[in-house]
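In: Below are the sequence and a predicted model; questions follow.
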Amino acid sequence: MTNTIAMPSSETKPMPNLNDAQQRAIYHTQGPMLVLAGAGSGKTRVLTHKIAHLISQGVDPSQILAVTFTNKAAKEMSHRVETLLGKGQDAGLWIGTFHSICSRILRREIGKYQGDSGRNWKNNFVIYDESDSMTAMKEAIKALELDDKLYNPKNIRYHVSNLKNQMISAFQYASKAVDFRAEKLARIYDTYETILYRNNALDFDDLLKKTVELLQQNPDVRDRYHRQFTHILVDEFQDTNDAQYEMVRLIVEGCTKQERMQLNFNTLWQNRTFTVVGDVDQSIYSWRGANFKICLNFQHDYPDSQMIKLEHNYRSAKNILQVANAIIENNSERLPKELISVKPDGEKVTCYEAKDDRDEAFYIIERFQKLVQTGKYRPGDCCILYRTNSQSRVFEDILMSKGLSYTVVGGIKFYERREIKDVLAYLNIVFNDQDAFSVKRVLNVPKRGIGKTTVEKLETYANQNGISLYQALKQVDQIPDISGKTPKAIGGFVSVIENLKAHVENTSLHEFIIYTLEETGYLNELKMEDPLDNDGRIQNVEEFVSVARNYLLDNPEGDLAGFLTQMSLLSDIDNAEPAENKFVLMTMHAAKGLEFDVVAVAGLEEGLFPHSRSLSDKTQMEEERRLMYVGVTRARDHLFLTYSRRRLVFGEFRYGMPSRFLKEAPQELFTGNYTLDQEERYGGGSFDDDYRGGGYKRKIYGQRESGYTSSRFEEDEPPVSRIRPKRSTEVLKVPPPNLFPVGTRVQHVKFGQGTVEQVIGEGEKAVYNVKFDTIPGRKLLDPKFAKLEAI
DNA sequence: GGTAAATCTTTTTTT
DNA sequence: AAGATTTACC
C-alpha cells in the first residue's frame, strides 16, 4: 500500500497518487453524489480518503455514518482511516453493515417501536439466523395445521423475507391478498411474526424493516439521527435493497416520504455529505432483495446529485480485463462503461477442459504450485473461486492428499456448528429467557432425561397460560401431566440457568463462558462423548472462548448483548485470517471486494455456472454473468478458467457443456486445451484423440499425463450409473451421448416445451431432468421411453 | 426416554 | 456420498 501520504491541510492541496476522478469524488462534500466505481478502480481508497478528509476538515467522527457490505470491510476501512489520520482519530465513527448499524440503533430504541397488534419488542431481543428462522417458519405452518408439502417452509420463508425487504407487513399483505393461497400466506407470515415476538427475537430482515418503521413512527428519533449523521457514505450501493435505501433516505432527509415534497434540498445539503459508491455490473445479490435499479434511479431521486465514474482499473492485467469487459458486454441491463487497464497485457488467460472434477482440481492446484515455486507468489496470493460451496470438497480432498494447507471461506460457518450453537443458546437464555428456541435446544443438552413428550406438555401449558416456555419450566410442579423424575430434572435445568444469571453481571465475558461450560456440564459431556476430540468440538468450544476474549480486547466496553449481536451478524469472511502460506477457496459471492494475484474460476459449465436455476430467465442469467464478471476481475496477474466434462454430484456423474461465458470472451486471449465448439466436441473421437496439442498446450497435456495418472485410471470407466439398473440389459435403440446437453430446449408430446437442466448418468443410460415451462417442478425423463425432441 | 436403523434431503449465492 | 431426520424397537 502506498498510504503513507499525509492528509492535505486544505482542498487546494490534492493528495498524490489519486487520479482526477478519485480526487473529485473525495473533495465533493456538499450534497448527494453517485460514484460509479468499476472493479479495481480504487473505490475503497476513495471512501477511506473521503472519510479521512472529512475528519481532517473538522467533522467529528461521530457525525459520519459509513455503511459497508461486510463486517470485514468495515474493520479494514476503519483501520485504513486510522492509518491516514493517526491512531484513535476516528474514534466515534459509525461504520458497519446495514445489519449491524440497525441492531445498534434497535438496541437503544426498540422500546419506541410500535409493532402490529401491539407487538412491542424489548431491547434484549435475540437475533435469529436462517436456521432459527426456518424453525420458526415450520412451527408457524404447523400451528395453522397446514400441510408443509403444500406450504413448503423454505419457500414461504423466502417469500416472507422478500415481503419484509419490501417493507410489506403481514397485515398489508393480507389486505391485498387476491386468492386463497395468498390469504394463507398472510396468515403464516403473521403467525411467524407472533412466534418471533413471543421469543423476543428478530430475524435478519427485521433488523432492517423494524429500524425503518421505527424511524417512520418516531419523528424525534428520526430527527436525532438525522442531526447526528451529517455525512453518510454507502459502499456497494448496487446491492442495496428497498428497506436499506429507505433507512438511509430517512436519516439523510430526516422526513417521511410524504413530507419529502416540502423539503428544501438547497438548505439540506449545506454541510451534509451523501455519497453512494457502486458498480451495477457487480450486482450479485438480487436474490436477497438487492435492487440495482436503486443505483440506476439515484440521479432521478436526487436531480441535484453529482456523478463520477471511476473507469481506470489498477488491478488486472490487460488480457484479464479484456476478457471481463467482453463478457459483461453481453448484458443489456447496465450502464455502458469500459474499464481501462493501466497495467501491461500480462499472460494469456488459461482455459482448461478437465476430464472430471478431480482432474480439474489437480490441474488448478498443480498450476498454483508451479507459480508458487517461481518464488513470485505465496499460496495466500492464489485463490480458487467456484459457484457453489459444495464444489470446495474436491479441492479440499486433493489439497489434503498433497499435504498443502488451505482456507475455505464460507460454507459451514463457525457459529453454525452444533457445539457453538449450543453454547450460544445458553448465553441467549441468560440474556433473554423468553427465547424458547434456545431453551428447547439445550434443555436436554447435556442429557437430563427430558424428552420430546415432556417438551410438548410444557409448550402446551405455556401456550394455555400465555407464559414463556421458561416460565413454564419454573412452574413445572403445577403441570399435572409431568411426574416421576422429570420435574426434578427440569428443576435442575432452571437452577443452572438462575445460577448463571446471578453470575453474568460480575464476571468478565470469557470467564463467564468458561463458567457456563462447566456449570452446565456441557464440556464434560463433550469430553465423555469424544475423549480424543476427534471431531474437534472441544477445540471449537475453546476457540469460542478466545473469540469472546478477542471481542473484549477490541471492545473494552463490550457486554453480553454486544457480543451476542456480533456473533449473530458475523459472517465467515469476516473471520478469514489472511494466511500467506494457505491457498484460498471461496465462492464468487464471498470474493466480492477482494483481489488475488492468481485466480482460478472453476466449474464453468452450463447448469453449474451459469446455474441451472438461471438458464430460463434472462434477468437471472444476467446476474450470473455479473457474477462471472466479479470472478474474473478478482485476478491481478494470472487467470485460469476451467470446466469439466463430467462431475460427481449427489454421488452420480453429471455431464455438462462448457459455459456460455467462455464463448463470450475473445478466444485470441485464451491459451489451453479447450474445445468450446459443440460440433467439434461431438464430431466423433474421444476427448484424448480430440486433443490438438500445440507447443504450450502439449506441455500442459504432458503435465496432466504424468500428474493425474491415478485419477485418470481410477475414474475413467466409472461403475455403470445406478440410476436405471434394471432396464440396462434390454436391447434398445441407443441414443448418442449427450443427446440433449444441459440448456437444450426440448419438446414433449404431453408436457410441451421445456429446458434440460441436468443430465444424469452416462451416454445411453442418461436420463434428463427437464423443467417444462408450464409445469411446476422438474420431470426426470428417459429418452428411450419418453418422446423428447430438441427444438 | 434413549438408541439404532431406515429413510429422506441436499447444492445457488449470504447479512 | 454425506448428513439430517424420522421411525422402530428396546
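Out: Structure's in. What do you need? Numbering: from 1, shown residues only, chains lettered A, B, ... in the order given.

In: Can you tell me the element the nearest residue to A:Ala548 once chain neighbours are set aside falls in?
Out: Distance criterion Cβ to Cβ, 6 or more residues apart in numbering; nearest residue to A:Ala548, sequence neighbours excluded, is A:His510 at 4.2 Å. The C-beta positions use only the backbone N, C-alpha and C, and glycine is treated the same way. Using DSSP states H and E, A:His510 maps to helix A:509-519.

In: Helix or strand next in line after that helix, which one?
Out: helix A:522-529.

In: what packs against that next one?
Out: Secondary-structure packing of helix A:522-529 (3 or more Cβ pairs under 8 Å, 6 or more residues apart in numbering; DSSP states H and E): helix A:418-431, helix A:509-519, helix A:537-554.

In: could those go into JSON lines alongside distance to A:Phe740 and mean neighbour count?
Out: Output for these, formatted as JSON lines (distance: least, Cβ to Cβ, whole Å; neighbours: other Cβ atoms under 10 Å):
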{"stretch": "helix A:418-431", "distance to A:Phe740": "42", "mean neighbour count": "21"}
{"stretch": "helix A:509-519", "distance to A:Phe740": "56", "mean neighbour count": "18"}
{"stretch": "helix A:537-554", "distance to A:Phe740": "46", "mean neighbour count": "16"}
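
In: ok, now which ones touch A:Gln322?
Out: A:341, A:666, A:669 (Cβ atoms under 8 Å, 6 or more residues apart in numbering).

In: pretty sure A:Tyr151 is touching A:Phe180, no?
Out: No: under the criterion of Cβ atoms under 8 Å, A:Tyr151 makes no contact with A:Phe180, lying 11.7 Å away.

In: Between the two, tell me which one has more neighbours.
Out: Neighbours were tallied for A:Tyr151 and for A:Phe180 using other Cβ atoms under 10 Å; the higher tally belongs to A:Tyr151 (18 against 8).

In: Now the more buried one: closest residue in space, sequence neighbours ignored.
Out: Using Cβ to Cβ, 6+ apart, the closest residue to A:Tyr151 is A:Ile141 (5.3 Å).

In: For the one you found, give its distance to DNA strand C.
Out: In this structure, A:Ile141 lies at 12 Å from DNA strand C, with Cβ to the nearest atom of the strand, to the nearest Å as the measure.

In: And A:Ile26, by the same measure?
Out: Counting by Cβ to the nearest atom of the strand, the gap between A:Ile26 and DNA strand C amounts to 48 Å.

In: Kindly report the residues of the stretch 601-750 of chain A close to DNA strand B.
Out: A:611, A:613-614, A:649-650 (Cβ under 7 Å from any atom of the strand).

In: taking those residues one by one, which sit in strands?
Out: A:Val649 (DSSP state E).

In: how about the residues of the stretch 601-750 of chain A next to DNA strand B, which pair is most distant?
Out: The span of these, defined through Cβ to Cβ, is set by A:Ser614 and A:Phe650 at 19.7 Å.

In: want to throw the helices and strands packed on helix A:522-529 into a markdown table with mean pLDDT?
Out: Converted to a markdown table, the helices and strands packed on helix A:522-529 look like this (pLDDT from 0 to 100):
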| stretch | mean pLDDT |
| --- | --- |
| helix A:418-431 | 92 |
| helix A:509-519 | 94 |
| helix A:537-554 | 88 |
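
In: Out of those helices, which is closest to A:Asn123?
Out: helix A:418-431 (10.8 Å).

In: that older thread, please name every helix or strand in contact with the helix holding A:His510.
Out: Judged by 3+ Cβ pairs under 8 Å, 6+ apart, helix A:509-519 is in contact with helix A:418-431, helix A:486-504, helix A:522-529, helix A:537-554, helix A:560-569.

In: Let's verify the residue nearest to A:Tyr151: helix, strand, or coil?
Out: Classification of A:Ile141 using DSSP: H, G, I helix; E, B strand; the rest coil returns helix.

In: sorry, back to before: can you lay out the helices and strands packed on helix A:509-519 as CSV showing distance to A:Tyr629?
Out: CSV is the format used below for the helices and strands packed on helix A:509-519 (distance: least, Cβ to Cβ, whole Å):
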stretch, distance to A:Tyr629
helix A:418-431, 35
helix A:486-504, 49
helix A:522-529, 45
helix A:537-554, 35
helix A:560-569, 28
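
In: Which of those sits closest to DNA strand C?
Out: Closest to DNA strand C of these is helix A:418-431 (Cβ to the nearest atom of the strand; 7.0 Å).

In: and for the closest one, what are the contacting residues?
Out: If you take Cβ under 8 Å, 6+ apart as the criterion, helix A:418-431 is touched by A:124, A:126, A:414-415, A:435, A:437-439, A:441-442, A:445, A:470, A:497, A:500-501, A:504, A:513, A:516-517, A:520, A:522, A:526, A:537, A:540-541, A:544, A:560-561, A:563-564, A:567.

In: Next, the angle helix A:537-554 makes with it.
Out: With axes from the mean of the first three to the mean of the last three Cα atoms, to 10 degrees defining the directions, helix A:418-431 sits at 50 degrees from helix A:537-554.

In: how far does helix A:418-431 sit from the chain's center?
Out: 23 Å (Cα atoms, centre = their mean, to the nearest Å).

In: Only alpha carbons, please: show it as PDB.
Out: What follows is helix A:418-431 as a C-alpha-only set of coordinates in PDB (Å, rounded to 0.1, in the frame of the first residue of the first chain):
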ATOM      1  CA  ARG A 418     -23.600 -27.600  16.700                       C
ATOM      2  CA  GLU A 419     -21.400 -27.100  19.700                       C
ATOM      3  CA  ILE A 420     -21.100 -23.300  19.100                       C
ATOM      4  CA  LYS A 421     -24.900 -23.000  18.700                       C
ATOM      5  CA  ASP A 422     -25.400 -25.000  22.000                       C
ATOM      6  CA  VAL A 423     -23.100 -22.600  23.900                       C
ATOM      7  CA  LEU A 424     -24.700 -19.600  22.300                       C
ATOM      8  CA  ALA A 425     -28.100 -21.000  23.300                       C
ATOM      9  CA  TYR A 426     -27.200 -21.000  26.900                       C
ATOM     10  CA  LEU A 427     -25.900 -17.400  26.600                       C
ATOM     11  CA  ASN A 428     -29.000 -16.400  24.800                       C
ATOM     12  CA  ILE A 429     -31.200 -17.800  27.600                       C
ATOM     13  CA  VAL A 430     -29.300 -15.900  30.200                       C
ATOM     14  CA  PHE A 431     -29.700 -12.700  28.200                       C
END
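
In: So is it next to DNA strand B?
Out: No: Helix A:418-431 lies out of reach of DNA strand B by Cβ under 7 Å from any atom of the strand, never closer than 14.4 Å.

In: can you pull out the helices in the stretch 201-350 of chain A?
Out: With DSSP state H, counting those that start in this stretch as the criterion, the stretch 201-350 of chain A has helices at A:204-217, A:219-228, A:242-253, A:265-268, A:293-301, A:318-328.

In: confidence score at the closest residue to DNA strand C within the stretch 651-791 of chain A?
Out: Nearest to DNA strand C, among the residues of the stretch 651-791 of chain A, is A:Gly651, at 3.6 Å (Cβ to the nearest atom of the strand). On the pLDDT scale, A:Gly651 is placed at 79.

In: That one: neighbouring residues, count only.
Out: Neighbour count of A:Gly651, defined by other Cβ under 10 Å: 6.

In: Count residues in the vicinity of A:His226, would you?
Out: Neighbours around A:His226, by other Cβ under 10 Å: 19.

In: didn't it look like it was pressed against A:Val248?
Out: No: A:His226 lies out of contact with A:Val248 (Cβ under 8 Å); the separation is 11.1 Å.

In: Show me which residues of the stretch 401-550 of chain A are close to DNA strand C?
Out: The stretch 401-550 of chain A comes close to DNA strand C at residues A:Arg418, as judged by Cβ under 7 Å from any atom of the strand.
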